[in-house]
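[1] Take a look and give me a structure for this.
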Amino acid sequence: MEREGKIRIKAMCLFHKDGKVLISKGFDKVKNENFYRVLGGSIIFFETGEAGVRREIREELLSEIENLKLVDIIENLFTYEGSNGHEIVFLYTGDLARKELYVQNPIHIVEDTYEFDAEWISTDDILAGKIPLYPALAYEALFKKL
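    Numbering: from 1, shown residues only. All right, here's what the predicted structure looks like:
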């Protein structure tokens, strides 16, 4: 029996510099919770994960990605604003070609239908549980490799 909803396929990239990562801030009105998520978005039909993350970062940050590397594939089951979600996430790391973005904080992002901010957040705050970061992952091992 099939349940309502769809499984979304996403490609996201974690950018890091000097003990900080660039992530976007969100708010869940139902949970009354601030949270952060890795930058990126949905892969479109007949697009690879790599092409999708490059397109998403061009759209969000007007930047190319250098040294792109796939680091994990995550099945993300979650509830957002009272609705269940299910994603398969191709998680990458890389470097921003637009180096000035490494010193800009926050970075205001304008998409076709909405606007949001991305911020450079300390990995220590994420590991201490002060900042909920999604998709959920054991980020400690990943941050050690960065």
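
[2] Quick check, pLDDT for residue 1.
    pLDDT recorded at residue 1 is 42.

[3] Can you report how many residues lie near residue 73?
    Applying the criterion other C-beta atoms under 10 Å, we find 10 residues in the vicinity of residue 73. Quick note: C-beta positions are derived from backbone N, CA and C, even for glycine.

[4] which residues does it bridge with?
    Beta-bridge pairing for residue 73 (DSSP bridges): residue 90.

[5] again with residue 36
    Going by DSSP bridges, residue 36 is paired in beta bridges with residue 25, residue 133.

[6] got it, and residue 85?
    residue 78.

[7] Report the buried residues of the lengthiest helix in the chain.
    Longest helix of the chain, by residue count under DSSP state H: helix 49-61. For helix 49-61, a neighbour-count test (16 or more other C-beta atoms under 10 Å) marks 49, 52-57, 60-61 as buried.

[8] Which member of the residues you listed is positioned nearest residue 70?
    Distance to residue 70, by C-beta to C-beta, is smallest for residue 49 among the buried residues of helix 49-61, at 7.1 Å.

[9] helices or strands next to the longest helix of the chain in the packing?
    strand 7-17, strand 33-42, strand 65-80, strand 83-96, strand 107-110 (3 or more C-beta pairs under 8 Å, 6 or more residues apart in numbering; DSSP states H and E).

[10] mind running it again at 6 Å?
    On a contact count with 3 or more C-beta pairs under 6 Å, 6 or more residues apart in numbering; DSSP states H and E, helix 49-61 meets strand 7-17, strand 33-42.

[11] Work out the gap between that helix and the centre of the chain.
    Distance of helix 49-61 from the chain centroid (C-alpha atoms, centre = their mean, to the nearest Å) equals 11 Å.
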